[in-house]
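Enquirer: no sequence for this one, just the structure:
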């Protein structure tokens, strides 16, 4: 595809349920970012991958959050035992490489997670 | 103190007027600065980037950067109703050389016909 693809677009989870959010970056893009955007706030950084290596996970809010990119392309953000405060839009972005990322990048459409 | 600060608005602007949005940042080592536009229910869209002091113009948009005062601004000339959106300021720090962004909370702009 032409852009970053995320699925599902919407997810409703019962509190305590595990969820998995998928990001398909632009083909060939080395850098991949996950951000979390709560209602009325700007996006907050969660984690960064360079190929399959997770180089920064400093923004993951708790050990219930886990991200992987095993083959250096598709990435999955997993949230275990979801809580109401996890309700947010989860945004993924990719870039050709770390140098290019410094010139800005485009986000996917996001996954809106609602925990009830 | 948040690393990137913006007035939340809403900023009400008559159609055809200039909208002026401001953003301040705390890390003097910041090197790259971006403005994203976000329509309600949509993801942020990159509209401007600026890296050195001064002005950068792109169509109806002008970004201004003053590193000494640690602020970056966005001017929207000839504002149109389609410019009604939330504008997010984002900053890349030199210590995050691989592209991590710090975002402000955004300024909501409402262009009234």
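Expert: Alright, I've got the coordinates. All values reported here derive from a predicted model rather than from experimental measurement.

Enquirer: now do the contacts for residue A:28.
Expert: Residues near residue A:28 by C-beta atoms under 8 Å, 6 or more residues apart in numbering or on different chains: residue A:96. For every residue, glycine as well, the C-beta is placed using N, CA and C.

Enquirer: ramachandran angles for it?
Expert: Dihedral angles phi and psi of residue A:28 (degrees, to the nearest 10) take the values phi 90, psi -10.

Enquirer: so for it, what's the pLDDT?
Expert: Residue A:28 carries a pLDDT score of 92 in this model.

Enquirer: could you pull out the buried residues of stretch A:61-75?
Expert: Of the residues in stretch A:61-75, A:65-67, A:69, A:73, A:75 count as buried by neighbour count, 16 or more other C-beta atoms under 10 Å in any protein chain shown.

Enquirer: now residue A:97: how far from residue A:67?
Expert: 19 Å (C-beta to C-beta, to the nearest Å).

Enquirer: so for the lowest-mean-pLDDT helix or strand in chain A, what gets flagged as buried?
Expert: For chain A, counting by mean pLDDT, DSSP states H and E, helix A:98-101 ranks last in confidence among helices and strands (a mean of 82). The neighbour-count check on helix A:98-101 (16+ other C-beta under 10 Å) flags A:98, A:101 as buried.

Enquirer: cool, and stretch B:46-64?
Expert: Buried residues in stretch B:46-64 (16+ other C-beta under 10 Å): B:46-50, B:61-64.

Enquirer: out of those, who's near chain A?
Expert: Near chain A, taking C-beta under 8 Å from any C-beta of the partner chain as the test, the members of these found are B:46, B:49.

Enquirer: closest to residue B:29 out of the buried residues of stretch B:46-64?
Expert: Distances from residue B:29 to those, taken as C-beta to C-beta, are shortest for residue B:50 (16.1 Å).

Enquirer: which residues sit in contact with that closest one?
Expert: The contact partners of residue B:50, taken as C-beta under 8 Å, 6+ apart, are B:33-34, B:56, B:63-65, B:72.

Enquirer: now do it against residue A:49, distance only.
Expert: With C-beta to C-beta as the criterion, residue B:50 and residue A:49 are 27 Å apart.

Enquirer: quick one: low-confidence parts of the chain?
Expert: I went with chain A, as the question did not name one. Residue ranges of chain A with pLDDT under 70: A:1.

Enquirer: wait, I meant chain B there
Expert: Looking at chain B by pLDDT under 70, you get B:1.

Enquirer: so is stretch B:102-113 next to chain A?
Expert: Yes. Using C-beta under 8 Å from any C-beta, stretch B:102-113 reaches chain A at B:102-106.

Enquirer: repeat for stretch B:26-41
Expert: Yes. Counting by C-beta under 8 Å from any C-beta, chain A is contacted by stretch B:26-41 at B:31-32, B:34.

Enquirer: how about the nearest residue to whichever residue of chain B sits closest to chain A, chain neighbours excluded?
Expert: Going by C-beta to the nearest C-beta, chain A is nearest to residue B:99 of chain B, at 2.6 Å. Spatial nearest neighbour of residue B:99, chain neighbours left out: residue A:101 (2.6 Å); criterion: C-beta to C-beta, 6 or more residues apart in numbering or on different chains.
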